[in-house]
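Q: fold the following, please.
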Amino acid sequence: MTAASEERAATDKEMSILLVVTLVSMLLALVMTVIAWRVAREERRRSEARVAALAADIQTAVAASAVGMRAEPRLRAVTPTPISSGDLFAAGPSAASSRSVIVIGVGLFVFATAAALAVVLSSGLRTRTATAPAAPVLQNQPTPTTGANPTSSVPLELVALGHQRDGDRLIVRGVIRNPSSGGRTDRLTAVVFLFDRDGGFVTSGRASIEPAVLPPGGESTFLVTVPGAADVSRYRVSFRSDSGIVPHVDRRTRS
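A: Numbering: from 1, shown residues only. Sure thing, here's the model as predicted:
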């Protein structure tokens, strides 16, 4: 009886310790979720402020270049036709980044809870079974896999676009953003195609986008100067990398 009482007391003490560990893990997961949400919200605010400032600079440059210049055919940017590639453009709006942060936080919470429960259950099995081989069974269970979409399926976002004339040259500038849910993009190039008023192709120009690496959540400006654009009426912007065309969506704010 004495040995049984001592064993029961030791088991109760161990279970109490495991319960405390479980509660601490859950609290830590909750705190990390709140911190991640606040960081994502502040990053989104800073990103929107940067985009607004860059767009204002572009509009100011366009307005300044138009003063004292001769009348030219009015140019209009052509919104590129989305490249048909299944559900390539099925990505949601910019709120996807905040949803991703929430999902990560919930994942941390679930992982911490599951780990604590696994420890509690394995400990209970060890104390109740004489030949206790059950613990390895719990440890060898497959961990959940995250079925994330390939990063290549997330298009870039065009958040600002403007143009101005300099003699017979056309200068096109804008802001491109890589979504937080996207993948790293290397050696990105902006390509501008020019068309006359009848829709005929006139010429094109391109320029590398700096920095050479655009990480997820990063933004960059681009500037392409195309000569021989006196008779141009429309233009179209696209983006390319070493592997080919990089899809993008129009996220410009409509005034």
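Q: what helix or strand is T113 located in?
A: Secondary structure assignment for T113, by DSSP states H and E: helix 96-128.
Q: now that helix: average pLDDT?
A: Average pLDDT, helix 96-128: 65.
Q: for F111, what are its contacts?
A: A29 (C-beta atoms under 8 Å, 6 or more residues apart in numbering). Just so you know, the C-beta spots here come from the backbone N, C-alpha and C atoms, and that holds for glycine as well.
Q: that one and A29, how far apart?
A: 8 Å (C-beta to C-beta, to the nearest Å).
Q: so where's the longest strand in this protein?
A: strand 156-166 (DSSP state E).
Q: so which elements touch it?
A: Here strand 156-166 touches helix 2-65, strand 169-177, strand 234-241, strand 248-250, going by 3 or more C-beta pairs under 8 Å, 6 or more residues apart in numbering; DSSP states H and E.
Q: run the last query once more with 6 Å
A: Applying 3 or more C-beta pairs under 6 Å, 6 or more residues apart in numbering; DSSP states H and E, one finds that strand 156-166 makes contact with helix 2-65, strand 169-177, strand 248-250.
Q: mind checking which helix or strand of this structure has the lowest mean pLDDT?
A: None of the helices or strands of the chain scores lower by mean pLDDT, DSSP states H and E than helix 134-139, at a mean of 35.
Q: quick one: low-confidence parts of the stretch 151-255 of the chain?
A: Flagging of the stretch 151-255 of the chain using pLDDT under 70 yields the residue ranges 151-152, 254-255.
Q: on that earlier part again, send the alpha carbons of the longest strand of the chain over as CSV?
A: Taking Å, rounded to 0.1, in the frame of the first residue of the first chain, the C-alpha atoms of strand 156-166 are listed here in CSV:
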residue,chain,number,x,y,z
LEU,A,156,3.0,40.8,-58.6
GLU,A,157,0.9,44.0,-57.9
LEU,A,158,1.2,47.2,-59.9
VAL,A,159,0.3,49.9,-57.3
ALA,A,160,1.2,53.1,-59.2
LEU,A,161,1.8,54.0,-62.9
GLY,A,162,2.5,57.3,-64.7
HIS,A,163,4.1,58.8,-67.8
GLN,A,164,5.6,62.0,-69.3
ARG,A,165,7.1,63.2,-72.6
ASP,A,166,10.5,64.5,-73.2
